[in-house]
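Colleague: 3D, please:
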Amino acid sequence: LRHALRTGRSLAAQAGRRGMASEPHRLADALGGSKVPLPCPVYGVGGRYASALYVSASKANALDKVVEELKTFQKAYESQEDLKRFIKDPTLKRKTKADAMMKIMKDSNPVLKNFTGVMCDNGRMDQIEHVMSEFTKLMNAHNKQVFATVTTVYPLSAADAEAVREALQGFVKPDETLNVDQVIDKEILGGMVCAVGDKRIDLSVLSRVKQLQRTMENAIA
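Modeller: Purely as a prediction, here's the structure:
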């Protein structure tokens, strides 16, 4: 894993202006052995580390265990301010942070324990929130789960909610499961805003008002 991350950073530097889009796949190759395909693209530092964790856990047949333990760690991280401050503290030496994390993760799966050690050694533990977020994206794609958010001013009736679900179903593949969450936001004034994965459909009254304002401003200019 340590070698893979070092190789990944080197490859990223060589990529130059090509960006990070293919970095997770190059990192997967750097881990050696049979290639483990990523279920979806992830980007940036968090994406690179999340992809390394996904590949390492998959190759060790420990993906379910790592997911379970990472969720436990995330709950502790989000609920314990002392732990969060410690992890984000830029003044701590890497070794001090690494030694502490080894104690915190002493009963964890070796893949996850080694992974957090690598992050400490590389001074990247301050990116853990982004890593966990990108890892969640990988796992959602791995489990073929697609999440959608429907924002309205008032709660949808059962019939309207089902009609919206059927419409959104067209954005997912036949073998994927659609999960719809309803959100109330009176600031959109009316209509609805739907977000499915990285797609966003704005049918709100607020959006129409803003569009009208832009049209009027352009007409006056």
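Colleague: which stretches of this protein have low pLDDT?
Modeller: 1-34, 221 (pLDDT under 70).
Colleague: how about the strands of it, start to end?
Modeller: For the chain, the strands defined by DSSP state E occupy 145-152, 177-184, 192-196, 199-202.
Colleague: and Y49, how far is that from M216?
Modeller: 48 Å (C-beta to C-beta, to the nearest Å). Where C-beta positions appear, they are placed from N, C-alpha and C, glycine not excepted.
Colleague: ugh, wrong one, A57
Modeller: From A57 to M216 the distance is 55 Å (C-beta to C-beta).
Colleague: more neighbours: the two, which one.
Modeller: Comparing A57 with M216 by other C-beta atoms under 10 Å, the one with more neighbours is A57, at 22 against 10.
Colleague: I figured the more buried one hits V66, correct?
Modeller: Yes: counting by C-beta atoms under 8 Å, A57 does reach V66; the two are 4.1 Å apart.
Colleague: which neighbours do these two share?
Modeller: 109, 111-112 (C-beta atoms under 8 Å, 6 or more residues apart in numbering).
Colleague: distance to I188 added to these, as JSON lines?
Modeller: Shown next, in JSON lines, are these (distance: C-beta to C-beta, whole Å):
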{"residue": "N109", "distance to I188": "43"}
{"residue": "V111", "distance to I188": "43"}
{"residue": "L112", "distance to I188": "40"}
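Colleague: now for F73, how many residues are close by?
Modeller: Neighbours of F73 (other C-beta under 10 Å): 19.
Colleague: list the residues that contact it.
Modeller: F73 neighbours (C-beta under 8 Å, 6+ apart): 105, 108, 112.
Colleague: could you pull out the helices for this structure?
Modeller: 2-15, 23-30, 44-59, 63-79, 81-88, 94-104, 110-121, 128-142, 158-168, 205-220 (DSSP state H).
Colleague: would you mind telling me which of those helices is nearest K199?
Modeller: Proximity to K199 (C-beta to C-beta) singles out helix 158-168 among those, at 9.6 Å.
Colleague: elements contacting the closest one?
Modeller: Counting contacts by 3 or more C-beta pairs under 8 Å, 6 or more residues apart in numbering; DSSP states H and E, helix 158-168 packs against strand 145-152, strand 177-184, strand 192-196.
Colleague: swap in 10 Å and give it another go.
Modeller: On a contact count with 3 or more C-beta pairs under 10 Å, 6 or more residues apart in numbering; DSSP states H and E, helix 158-168 meets strand 145-152, strand 177-184, strand 192-196, strand 199-202.
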